[in-house]
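# Task: produce atomic coordinates for the following.
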Amino acid sequence: LVGMPIVLAWSARGVHDVALLILPASVVAIGLVARPRTTLLTGALAVVAAGLVAAATATGSLPTPTTPLQADLATRTGPVVVVILAFATFVGVTASWTLHYLLDALSAQNADLERAVKARTAELEASNAELEAAVDRIERASRELVRSERLATLGSAVSGVTHELATPIGNAVVAASALE
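Numbers count the residues shown, from 1 in each chain. The predicted structure is shown next:
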């Protein structure tokens, strides 16, 4: 990514245009996706490469510019490109550091949130188990109460039947013993 603008700048007979636009943009773009160290190394490589092209331009090692404007830009923009690339490297590294710091903070908050959700889930599961146990106890007590009421009703009915049968039998026994 960094080498292509250098080749384009060299073939354009100077470090102007392409190097002024593409190299700083590429360094900042790399800063948005790469770690700060990678961005710093890329920016340093771009600054060195632009410095080499600027030095070659200043010493006349490059082919002669074809227009007076190209000649003027080729001799005056070399140091400007180096300064712009140095600033772009600073911006890229700062952006990279900031983004990665924010991503790390977001990851830490996400991990905290995950732990809180797991803890709350465990609490809710324990509470749910307690409530299910309480419902089971209530259902057992309700069944026992219904059974007790049935037995009480049955006992009352048996008592009434016994009384109803005992009275005539008792009267018959009394009458039979009086007749004897």
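# Need the mean per-residue confidence for the longest helix along the chain.
In the chain, assigned by DSSP state H, the helix with the most residues is helix 78-179. Helix 78-179 shows a mean pLDDT of 88.
# and if you look at stretch 45-56?
Mean predicted lDDT for stretch 45-56 stands at 71.
# Begin at 244, not 1, for the rest of this chat.
From this message on, residue numbering opens at 244, which makes the last subject stretch 288-299.
# Give me the helices and strands touching the longest helix of the chain, please.
Here helix 321-422 touches helix 261-276, helix 279-302, going by 3 or more C-beta pairs under 8 Å, 6 or more residues apart in numbering; DSSP states H and E. From N, CA and C alone the C-beta is placed, and that goes for glycine too.
# Now residue 273: closest residue in space, sequence neighbours ignored.
residue 285 (5.0 Å; C-beta to C-beta, 6 or more residues apart in numbering).
# what do you get for residue 338?
residue 274 (4.5 Å).
# hang on, isn't that neighbour packed against residue 333?
No - using C-beta atoms under 8 Å, residue 274 is not in contact with residue 333; the gap is 9.5 Å.
# Of those two, which one has the most company?
residue 274 (28 against 16; other C-beta atoms under 10 Å).
# Please name the residues that touch the more buried one.
Contact partners of residue 274, counting by C-beta atoms under 8 Å, 6 or more residues apart in numbering, are 282, 286, 334, 335, 336, 337, 338, 339.
# Out of those residues, which end up buried?
282, 286, 334, 335, 336, 338, 339 (16 or more other C-beta atoms under 10 Å).
# Looking at those, which two lie furthest apart in space?
Within those, two members stand farthest from each other by C-beta to C-beta: 286 and 338, at 11.3 Å.
# Count the neighbours of residue 326 for me.
Counted with other C-beta under 10 Å, the neighbours of residue 326 add up to 12.
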